[in-house]
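> A structural model of the following input is requested.
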Amino acid sequence: MRWLVALSLALTACPARTSTDALPPSDESAVSTTAKIRIIGFNDFHGALLPRDGDPPLGGAAYLAAHIAKLRTDASVVVAAGDLIGASPLLSSMLHDEPAIDVLDAIGLDLAAVGNHEFDEGPAELLRMQQGGCHPVDGCRGPRKFDGASFQYLAANVWKGEQSLFPATKVVVLDGVPVGIIGMTLEDTPAVTTPAGVAGLRFTDEVETANALVPGLVDQGADTIVVVVHEGGTTTGEDFSGCDNLAGPIVKLTENLDPAIDVVITGHTHQAYVCEVAGKSVTSAGAAGLLVTQIDLTIDRATGKVIERTAQNHLVTHDVEPDPDVLALVEEARTAAAPLTERVVGRLTASAGRRPNADGESVLGDLVADAQLAAGASAGSQVAFMNPGGIRADLSRGEVRYERVFAVHPFENRLVTITLTGAQLHDLLEAQWRKGEGGESRKILQISGGSSYTWHADRPIGDRVDPEEVVIGGNKLDLSESYRLTVNNFLASGGDGFAVLREGTDAVDHGTDAEALDAYLSANSPASPSAAGRIRRAD
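Predicted structure coming up:
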């Protein structure tokens, strides 16, 4: 998030853009011929109930609510572009994101497109988020009865049989003008979600889906159309309301949308931008409730067409009074979470960081892989591999509380032990390097104790790991043998490009990655983490 790193620059980049900007006054004649409406948007909230630590502090649900309240007009609608839940901090996640849904209702969210993380716990759980009721396994353990979301999820391109999982569109009337809103997620949601999360669902092309819906919206009188889609792009600039070198899937997507679509509110990439693409406003508000987008449209009442539009992102600063109702909901969640979050799991004699050394090995990567090997022991696991992208926070020396364990593994991936041949295991190691449009990329897998491998940086992709230099469970790799290995379900489904893992057989489930790390630290306290030289780079 370059815009966040360069916060001081961004704060001064657009001095006229403040969260207190009001719609410009208009005389009576203008009111009779034009309508002025406001769309308030955000994305990728991820259950971020609490503010971001830093100077200045930003975000927090109670402050997001206050800023949205200041932006509201008599002709406004609040929308969100997906990933409101999932990959959330423990405070929300431990209650299956029920606190996040309650908070978003209190904020006044009206409509939300589904994102890929909405499917983390499967379609049935997502439907429960909309409809309410107790969790099928954990029951009703939240601080209040969960009635589900008052806001409406939209899922135009998510199909269960012949029906979309949620409504595809919604027409809202603002200042007397019908406005059509289409909500979608990225077509590639199955590629970035566990198979169980999208089982029985079909995801269709975003452009084809949106364009097919336009005539129906126009028939309902909605000549102003907004697409809210959980797909995005990247920019190189430091202005959170700027648009330097916009790139990524959202560019082509927008260029191919029907000209009748006026605004595209995006997400997924956690970027902040306000752009113009193919005659459309394209916006994104970063992530975690740190920004909120204001889009003002002036519409010709006679034609229903947008004749003027402006857009800008506002930082969710703490120079306003936090919303007391939202603050109370957050405190309820904190009280409910305290017994779990503050539990001491174990102790570390040294800090365990996720930053890799020159070989690609990290201290925390070793610790996590060892925990997962221990979890798979009952299923005969001989080695565990961990993708570095699934390790999201460091562990400090001293007491380790459960909230830090969960911060390491916020996605709640499940662990599975599978069987591969030695040849397939070698293919797995070679798949750590690949060639793409942007050049060479690598995903160095962390490996458990008793196993090791050497890679040669000066050799061509596909020939960097000599099987003679691979040790599994204390013995040299035999390409004709079968091996039991433990990975998370993201990897097991081919995530991060490791498609060979989909060929694994005889799968046994072992619970979540956070549970495994919790159990390992408890059983081995005090633990003395160190980078053990399991991965060696030869130049």
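> shouldn't Ala338 be within a strand?
No. Ala338: not assigned to a strand; according to DSSP: H, G, I helix; E, B strand; the rest coil it is helix.
> now do the contacts for Val192.
Applying CB atoms under 8 Å, 6 or more residues apart in numbering to Val192 gives the contacts Asn116, Leu186, Gly495. For every residue, glycine as well, the C-beta is placed using N, CA and C.
> how does it look with 7 Å?
By CB atoms under 7 Å, 6 or more residues apart in numbering, Val192 lies in contact with Asn116.
> same question, Thr34
Under the criterion of CB under 7 Å, 6+ apart, the contact partners of Thr34 comprise Thr298, Ile299, Asp300, Arg301.
> if we use 6 Å, what do you get?
Going by CB atoms under 6 Å, 6 or more residues apart in numbering, Thr34 touches Thr298.
> kindly report the same for Phe119.
By CB under 6 Å, 6+ apart, the neighbours of Phe119 are Thr193, Gly197, Val198.
> Val345: which of the residues you listed is nearest?
Among those, Gly197 lies closest to Val345 (CB to CB), at 27.3 Å.
> identify the residues contacting that closest one.
Here Gly197 is in contact with Phe119, Asp120, Gly122 (criterion: CB under 6 Å, 6+ apart).
> again with Tyr453
Leu429, Val465, Val470.
> inside strands: which ones of the residues you listed?
Among the contacts of Tyr453, the residues falling in strands (DSSP state E) are Val470.
> mind giving me CSV with the contacts of Phe119 and columns for secondary structure?
Supplementary listing: those in CSV, determined by three-state DSSP:
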residue, secondary structure
Thr193, coil
Gly197, helix
Val198, helix
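> pick out the lowest-pLDDT one from those residues.
pLDDT across these is lowest for Thr193, at 83.
> surely that one touches Asn116?
Yes. Under the criterion of CB atoms under 6 Å, Thr193 makes contact with Asn116 at 5.1 Å.
> what's near enough to touch the nearest residue to Leu217 once chain neighbours are set aside?
Leaving aside its chain neighbours, Leu217 sits nearest to Gly180 (3.4 Å; criterion: CB to CB, 6 or more residues apart in numbering). Applying CB under 6 Å, 6+ apart, we find Gly180 in contact with Val171, Leu217, Ala222, Ile225.
> re earlier: name the nearest of the contacts of Phe119 relative to Met386.
Thr193 (18.9 Å).
> near that closest one, how many other residues are there?
Residues contacting Thr193 under the criterion other CB atoms under 10 Å number 24.
> which ones are touching it?
Asn116, Phe119.
> phi, psi for it please.
Thr193 adopts backbone torsions of phi -130, psi 150, taken as degrees, to the nearest 10.
> roughly how far apart are it and His230?
Computed as CB to CB, to the nearest Å, the Thr193 to His230 distance reads 12 Å.
> Leu364 now?
In this view, Leu364 and His230 are 30 Å apart by CB to CB.
> so between the two, which is more surrounded?
Legend: neighbour count by other CB under 10 Å for Leu364 and His230, higher for His230 (30 against 24).
> for the residue nearest to Leu217, give the beta-bridge partners.
Beta-bridge partners recorded for Gly180 (DSSP bridges): Val171, Ile225.
> ok so, going back, and the contacts of Phe119 as CSV, adding distance to Ser530?
Shown next, in CSV, are the contacts of Phe119 (distance: CB to CB, whole Å):
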residue, distance to Ser530
Thr193, 35
Gly197, 36
Val198, 39
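> isn't Glu469 right next to Thr454, touching?
Yes. With contact defined as CB under 6 Å, Glu469 reaches Thr454; the gap is 4.0 Å.
> any stretches of this protein with poor pLDDT?
Applying pLDDT under 70 to the chain flags the ranges 1-31, 437-438.
> please parse it into its domains.
Segmentation of the chain into domains, based on automatic domain parsing, reads 45-336, 343-538.
> and the end-to-end length of the shortest one?
Domain 343-538 has an end-to-end distance of 43 Å (criterion: CA to CA, to the nearest Å).
> rewinding a little: now the domains of the chain in a markdown table, with distance to Thr33?
Rendered in a markdown table, the data for the domains of the chain read as follows (distance: least, CB to CB, whole Å):
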| stretch | distance to Thr33 |
| --- | --- |
| domain 45-336 | 6 |
| domain 343-538 | 49 |
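> any idea which of those is most buried?
By mean neighbour count, with neighbours taken as mean count of other CB atoms under 10 Å, domain 45-336 ranks first of those at a mean of 21.
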